[in-house]
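Engineer: Kindly return the folded structure for what I paste below:
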Amino acid sequence: MALILAVGLAVIATTPPRPLDESAPPTKFSAERAMRDVERIAREPHASGSPALADLRGYLAGRLSELGLEVREQSGSFPEEARATLSARSGEQRATIPLVNIIGILPGTDRTLPALALMAHYDGVYGSPAAADDGAGVASILEVLRALQSEGPRRRDVIVVLTDGEEAGLNGAHRFFDAAPEAARIAAIVNLEARGGGGRANLFQTSAGNGEIARLWSETAPHPAGTSLATFIYSVLPNDTDLTVALPDGMVAWNFAFIGRSGLYHSPLASAKALDRGSLQQMGEQTLGLARSLATSQALPEAAPDIVFFDVYGLFAVHYPVWFGWVMLAIGFVGYALPLVRARGLRAFAGGAGATLALLAGVAGALYLLNLLSGADAPVNYYDRLAAIPRLQAIALCVAIAGLLLAGLRSRPGPWAEAGRVFPVFVAALAFQSLAPVAAYVLTIPLALGGAVALARACGLSGVMHWPAALVAGLVGGYALFFGFLLMQAVGPTMPMSVVLPLAMVVIAFAPFDVSRHRAPRAMLAGGLIALAVGLAMWVRLDPLAQSVAVYSEQRAAIVRH
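Structural biologist: Numbers count the residues shown, from 1 in each chain. I've put the predicted structure just below:
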């Protein structure tokens, strides 16, 4: 029952909300209404400097005017390095390439107040219709503006910034924040992006000091998607979006993107038809919730100490101060440690700890080797690896299950064996809570829940704690499956070993269950899963270059698949 609950929750968590159709109330965000703009934006590829982009610019300026905005263009030219990038992708050598941002202002009733900005880039890469990156972002902003207009006057101005040249080095954003007079008026900004064609539209980045910022998101998002763990991971990665240029100016900020259907990133197949409408719905409704609150409030959020925040299976969001992580660690320690007073079992403790370490190290090592086998031992085409992510996810799942089967969830019954199983994870949680407290919740919460179950069982409630233990295992296991799925989408092609983190959550969740008595052929099942993982790795390695690979990548990369 715990496994059934876990799988069901993981499916719910990874599924975007149902898109609203065009009959939705005018104050609601409708993905189907937004799709009309996506279809126009993605009618043809529209790289910077192309006639198609100039044509699209006229359409977008007209749409903004129809929605009641004051519209102007900000012109410039691409620097030499960006021109070289664009020329290499298109095969054309041009002395100058025009750079044109579109700026629109939806007036508020008090134009002296600091403004809210909604930002996305309207250029695409050479050869891609760019329905997702960033047609989805631009269309979301247009539908958000329509919904805001239907509600009546707003207190502050809403400034729309549709940038050019993002795909060649954030050129339009640099131009806007360096030279546009509107930039000085902006105190809050929401940026929309995509790396793929679907999946959850996650809040993956905020400005520093996000206490009030994350709270406002959690209160306004109908189907929230985002975690402080994601914001931490993104902060240490070398990735950039247009928001990177804005953050040094001190404004409060939210950055949303979806990264599912990763093979469609910069792809010639990234058409409007291929875009996940549920992803568009989730991106737009979160943006609308924030924009409605920010545009009508007298005061904007201010920088406050960072907090832990995450959505619970996409149903609602939870947030709490970072110090509460220490409380949960204390609950976990007491829960697992007190039952040890009545028994002796250092050997069982050592065996449990050793089994967990062997499991995590073995899975990490196997995934590292299988990643090399899948082709990562040589130069790879980045977009081809993105297309392979579903198979890489299947490899990770096979190896993780095989590791659990071979390790057994518990070799000996008793509190010492259970505490030993959890001990390495507890040490890791201590390190996380000390060094990255906003990211530690993935271990501290399972430890607190598991510790509470262990303590109740030690107090003589073993009979009535059977179902609560299963419930905890299902809740934590479901989040672990969902978390592992997202990790593989984000860093799977380069760091599949990262799935040991959700695997550690599974160890905590299922430590109370003794499956060693079952006579299932665990070794045979594990061997079959490993064989399947090897086969999938060879499939990735030998498969021809994916049809979804970016056109310019095929022109520039001299990669031979072995």
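Engineer: How is this structure divided into domains?
Structural biologist: As recorded under automatic domain parsing, the domains making up the chain are 40-321, 324-544.
Engineer: Could you check how far the last one is from the centre of its chain?
Structural biologist: Meaning domain 324-544. Averaging C-alpha positions (CA atoms, centre = their mean, to the nearest Å) puts domain 324-544 21 Å from its chain's average.
Engineer: next one: the first one
Structural biologist: Taking the mean C-alpha point of domain 40-321 and that of its whole chain, the gap between them comes to 16 Å (CA atoms, centre = their mean).
Engineer: I'd like the mean pLDDT over that domain, please.
Structural biologist: For domain 40-321, mean pLDDT rounds to 96.
Engineer: Between the two ends of it, what distance do you get?
Structural biologist: Start to finish, the residues bounding domain 40-321 are 44 Å apart (CA to CA, to the nearest Å).
Engineer: re the thing from before, deepest of the domains of the chain, which one?
Structural biologist: Highest mean neighbour count of those: domain 40-321, a mean of 21 (counted as mean count of other CB atoms under 10 Å). Heads up, the C-betas are built off the backbone N, CA and C, glycines and all.
Engineer: For the stretch 401-550 of the chain, which residues score under the pLDDT cut-off?
Structural biologist: Scanning the stretch 401-550 of the chain for pLDDT under 70 picks out 408-413, 461-465, 514-520.
Engineer: 90 instead?
Structural biologist: Low-confidence segments of the stretch 401-550 of the chain (pLDDT under 90): 405-418, 453-470, 510-523.
Engineer: Would you map the strands across the stretch 1-150 of the chain?
Structural biologist: Under the criterion DSSP state E, counting those that start in this stretch, the stretch 1-150 of the chain contains strands at 70-77, 98-106, 115-121.
Engineer: Using a markdown table, lay out those together with distance to residue 249.
Structural biologist: Converted to a markdown table, the strands of the stretch 1-150 of the chain look like this (distance: least, CB to CB, whole Å):
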| stretch | distance to residue 249 |
| --- | --- |
| strand 70-77 | 17 |
| strand 98-106 | 16 |
| strand 115-121 | 11 |
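Engineer: Convert the C-alpha atoms of stretch 182-189 to CSV, please.
Structural biologist: The C-alpha coordinates for stretch 182-189 follow below in CSV (Å, rounded to 0.1, in the frame of the first residue of the first chain):
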residue,chain,number,x,y,z
GLU,A,182,11.7,52.5,-17.6
ALA,A,183,14.3,50.2,-16.0
ALA,A,184,14.8,52.7,-13.1
ARG,A,185,11.1,52.5,-12.2
ILE,A,186,11.0,48.7,-11.8
ALA,A,187,11.0,47.4,-8.2
ALA,A,188,9.6,43.9,-8.9
ILE,A,189,10.0,41.6,-11.9
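Engineer: sorry, back to before: as a markdown table, the domains of the chain with distance to residue 30 would be great.
Structural biologist: Formatted as a markdown table, the domains of the chain follow (distance: least, CB to CB, whole Å):
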| stretch | distance to residue 30 |
| --- | --- |
| domain 40-321 | 7 |
| domain 324-544 | 26 |
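Engineer: Quick one, which of the ones you listed gets closest to residue 18.
Structural biologist: For residue 18, the closest of the domains of the chain is domain 40-321, at 6.5 Å, according to CB to CB.
Engineer: List the residues that contact the residue nearest to the spatial centre of the chain.
Structural biologist: Central residue of the chain (CA atoms, centre = their mean): residue 202, 4.8 Å from the mean position. Residues in contact with residue 202 (CB atoms under 8 Å, 6 or more residues apart in numbering) are 225, 226, 227, 230, 256, 257, 258, 259, 486.
Engineer: cutoff 10 Å now
Structural biologist: 224-227, 230-231, 234, 255-260, 282-283, 286, 311, 486, 489-490 (CB atoms under 10 Å, 6 or more residues apart in numbering).
Engineer: Show me these that map onto strands.
Structural biologist: Among the contacts of residue 202, DSSP state E puts 255, 256, 257, 258, 259, 260, 311 in strands.
Engineer: Without its sequence neighbours, what residue ends up closest to the first one?
Structural biologist: For residue 255, the nearest residue in space outside its immediate sequence neighbours is residue 205; the separation is 3.7 Å by CB to CB, 6 or more residues apart in numbering.
Engineer: Need the phi and psi values for the one you found.
Structural biologist: Backbone geometry at residue 205, expressed as degrees, to the nearest 10, gives phi -150, psi 140.
Engineer: ok, it touching residue 247?
Structural biologist: Yes: Residue 205 lies in contact with residue 247 (CB atoms under 10 Å); the separation is 8.7 Å.
Engineer: between the two, what contacts are shared?
Structural biologist: Contacts common to residue 205 and residue 247, judged by CB under 10 Å, 6+ apart, are 191, 253, 255.
Engineer: Now that the second one has come up, it's in contact with residue 117, right?
Structural biologist: Yes: counting by CB under 10 Å, residue 117 is a contact partner of residue 253 at 9.1 Å.
Engineer: Show me whatever sits in contact with both of those two.
Structural biologist: 186, 188, 189, 190, 191, 246.
Engineer: Export whichever strand or helix holds the last one to PDB, keeping only CA atoms.
Structural biologist: Looking back up the chat, that one is residue 246. Take DSSP states H and E as the rule and residue 246 turns out to sit in helix 242-246. Provided in PDB are the C-alpha atoms of helix 242-246 (Å, rounded to 0.1, in the frame of the first residue of the first chain):
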ATOM      1  CA  ASP A 242      17.500  37.600 -18.800                       C
ATOM      2  CA  LEU A 243      16.800  37.900 -15.000                       C
ATOM      3  CA  THR A 244      20.500  37.500 -14.300                       C
ATOM      4  CA  VAL A 245      21.000  41.000 -15.800                       C
ATOM      5  CA  ALA A 246      18.300  42.500 -13.600                       C
END
